[in-house]
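J.: build me a model from this:
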Amino acid sequence: MQGNILIIEDIKELSDLVALYLNKEGFEVRAAESAEDGFTVIENWKTELIILDVNLPGMDGFEFLQKLRQSKSGVMREMPVLIISARDSDEDQISGLGIGADEYITKPFSPKVLVARVRALFRRFRDFNETNPENVFSFGPFTLDYDSFILKKNGQRVHLSAKEYGCLSLLTEHSGKPLDVESIYQGVWKNNYGDLTTVAVYIQRLRKKIEDDPSKPSFIETVHGMGYRFNENGKNA
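T.: Next comes the predicted model:
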């Protein structure tokens, strides 16, 4: 089997259709029609990835995701989550990614595209046995593996959303050089137009995960009038 996937979706017809496509690709799938049932499945089955609807009866998808990311279990905190939702506003997508989703797909969607996103998430979050040392960036107690898209602190994985990883990898690839906000937005969001304040939001979230004191960052520096600079030595300028 390619991996174990939990679908949390209250529309059974949609859940069955997604499961059908995933089964054809070799994935093992289980389904839950509520967030509460989803937690029950996770506790009793080796879940490796979650496909999560936002509009659920009882606890909604955002609440479920927050609870998952705040879990005492490292496996649950780090489990990749792909949101599928009819909510297509920028605010909803930023909220979903901001609280820990790794992908966000709006309905209606192509099942083939969903399967491709699922495969990409599995590649991103599974450790590869053979890692090219040239594709690993080390700073302080951290290692960032560009091949597996994984950040570790003292050997323990630090969960990053897709956009958090994008910001960090872009900054580290230009370590020592300031990057303006426009360049970061274009490089990570692949868009020339949008709300540039989003970059500052994700930089702050990254600082909370890698800085000893986010209010006095040593790795991700603010370069006034220019943007942000990554300092791999962890020394304030």
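
J.: contacts, neighbours, all on C-alpha from now
T.: OK.

J.: sort out which residues of the helix or strand of the chain with the lowest mean pLDDT are buried, please.
T.: Least confident helix or strand, the chain: helix 74-78 with a mean of 77, by mean pLDDT, DSSP states H and E. Neighbour counts over helix 74-78 (16 or more other Cα atoms under 10 Å) mark M76, R77, E78 as buried.

J.: can you list the domains in the protein?
T.: Listed domain ranges for the chain are 4-125, 133-230 (source: automatic domain parsing).

J.: show me where pLDDT drops low in this protein?
T.: Along the chain, the model assigns pLDDT under 70 to residues 1, 126-134, 235-237.

J.: can you map out the helices along it?
T.: 12-24, 35-44, 61-69, 74-78, 90-98, 111-125, 162-173, 181-189, 197-210 (DSSP state H).

J.: and G140, which of those helices is closest to it?
T.: Checking the helices of the chain against G140 by Cα to Cα gives helix 197-210 as the closest, at 9.4 Å.

J.: and the residue nearest to I105 when sequence neighbours are not counted, how many residues sit next to it?
T.: Leaving out its chain neighbours, the residue that sits closest to I105 by Cα to Cα, 6 or more residues apart in numbering is I84, at 4.9 Å. Using other Cα atoms under 10 Å, the number of residues around I84 comes to 24.

J.: measure I84 to L121 for me?
T.: 14 Å (Cα to Cα, to the nearest Å).

J.: swap in L20?
T.: Applying Cα to Cα to L20 and L121 gives a distance of 19 Å.

J.: ends of stretch 140-159, what's the gap?
T.: End-to-end distance (Cα to Cα), stretch 140-159: 17 Å.

J.: buried ones in that stretch?
T.: Buried-residue list, stretch 140-159, by 16+ other Cα under 10 Å: 142-151, 153, 157-159.

J.: check stretch 27-39 too.
T.: In stretch 27-39, counting by 16+ other Cα under 10 Å, buried: F27, E28, V29, R30, A31, A32, E33, S34, A35, E36, G38, F39.

J.: closest to S169 out of these?
T.: F27 (29.5 Å).

J.: and that closest one, its phi and psi?
T.: phi -90, psi 150 (degrees, to the nearest 10).

J.: all set now, cheers.
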